[in-house]
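Chemist: got a sequence here, can you model it:
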Amino acid sequence: MKVVLLAAGEGTRLGELTENVPKVMLPVDGVPILEHAVRRLQAHGFQDLHINLHHLPDVIRDHFGDGKRFGVRITYSYEPEILGTAGAVEKLLPQLGEDPFLVIYGDNLTDCDFRQLVESHESRKTAATVGVHWREDVTSSGVVVFDEESGRIRKLVEKPSPTEAPKLGHWVSAGVFVLENEIAHIIPSGFSDFGQHVLPDALEAGLALYAHKIDNVIWIDTPEAYRRAQQLWRTIEKP
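Modeler: Here you go, the predicted model:
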């Protein structure tokens, strides 16, 4: 199965930390964030990786090259202007083919078992499987409301207000998806986002989407969160 790793973001909330280094290349436990994902994917049997680029693209290219050093094959998709999480995938569709594929936000740290995620997806008749993670404060995340027994998603709310959030629960998108072509073909050209546009549109169109719980996801969106990630990552089991 092919994998899209989203790595174009500038990480502006991290301030001077990302002036000379892309957010995905900030080291955690001495290893760039994106490399943690690449190594986990390789350990789980995924070898065909596509990485989108925008901010300081050569830093990423120079580190990973063609991927051979990491036991994978890497191709790159440069975006002169950021296309958004879904727009980046739409640009890559000619290379992804007709089979299901995996999408991962490359600026998060996770201990997701990607093989188990794909197996969960394949066991259901679903257009997409959305990795979800429990989070106390959901107001800065995409909330996923789903049936606990079946896992079928009923509602998606991007960054709910403090008054709306308590009614929605605590499960949020982990930035990990398995997508079928049913989803891929509804992504518009140009800028679009999975949480704001594509997945809500898919639900509205009646497509079946399911949630898959992931134990640990570490968001790195502020300098404080980056410092905390250094400690949290050491407690997570590596592949």
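Chemist: average model confidence for the helix ranked longest in the chain?
Modeler: When the chain is parsed with DSSP state H, its longest helix is helix 84-96. Mean pLDDT, helix 84-96: 97.
Chemist: after that helix comes which helix or strand?
Modeler: strand 101-105 (DSSP states H and E).
Chemist: count of residues packed around residue 57?
Modeler: When neighbours are defined as other CB atoms under 10 Å, residue 57 has 18 of them. For every residue, glycine as well, the C-beta is placed using N, CA and C.
Chemist: cool, and residue 232?
Modeler: Neighbours around residue 232, by other CB under 10 Å: 13.
Chemist: going along the chain, name the helices of this structure.
Modeler: So, for the chain - with DSSP H - the helices run 33-43, 57-64, 84-96, 114-122, 181-184, 199-204, 223-233.
Chemist: so what's the gap between the shortest one and the chain middle?
Modeler: The chain centroid and the centroid of helix 181-184 are separated by 17 Å under CA atoms, centre = their mean, to the nearest Å.
Chemist: what comes into contact with it?
Modeler: By CB atoms under 8 Å, 6 or more residues apart in numbering, the surrounding residues in contact with helix 181-184 are 89-90, 93, 96, 98, 100-101, 127-128, 198-199, 202, 207.
Chemist: any idea how far the nearest residue to residue 198 once chain neighbours are set aside is from residue 63?
Modeler: Nearest non-adjacent residue to residue 198, counting by CB to CB, 6 or more residues apart in numbering: residue 86, 4.4 Å away. As judged by CB to CB, to the nearest Å, residue 86 and residue 63 stand 26 Å apart.
Chemist: of the two, which one has the most company?
Modeler: Neighbours were counted for residue 86 and for residue 63 using other CB under 10 Å; residue 86 has more, 27 against 16.
Chemist: that older thread, now the residue nearest to residue 198: how far from residue 52?
Modeler: 11 Å.
Chemist: pull the longest strand from this structure.
Modeler: Counting residues, the longest strand in the chain under DSSP state E turns out to be strand 171-179.
Chemist: so how far is it from its chain's centroid?
Modeler: 6 Å.
Chemist: packing partners of it?
Modeler: strand 101-105, helix 114-122, strand 128-134, strand 142-146 (3 or more CB pairs under 8 Å, 6 or more residues apart in numbering; DSSP states H and E).
Chemist: put the alpha carbons of it into PDB.
Modeler: C-alpha atoms of strand 171-179 as PDB (Å, rounded to 0.1, in the frame of the first residue of the first chain):
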ATOM      1  CA  TRP A 171     -12.200  11.800  20.100                       C
ATOM      2  CA  VAL A 172     -10.300  13.800  17.500                       C
ATOM      3  CA  SER A 173      -8.700  13.100  14.200                       C
ATOM      4  CA  ALA A 174      -5.200  11.700  14.600                       C
ATOM      5  CA  GLY A 175      -4.100  12.800  11.200                       C
ATOM      6  CA  VAL A 176      -4.000   9.200   9.900                       C
ATOM      7  CA  PHE A 177      -6.400   8.000   7.200                       C
ATOM      8  CA  VAL A 178      -6.800   5.000   4.900                       C
ATOM      9  CA  LEU A 179      -8.700   6.200   1.800                       C
END
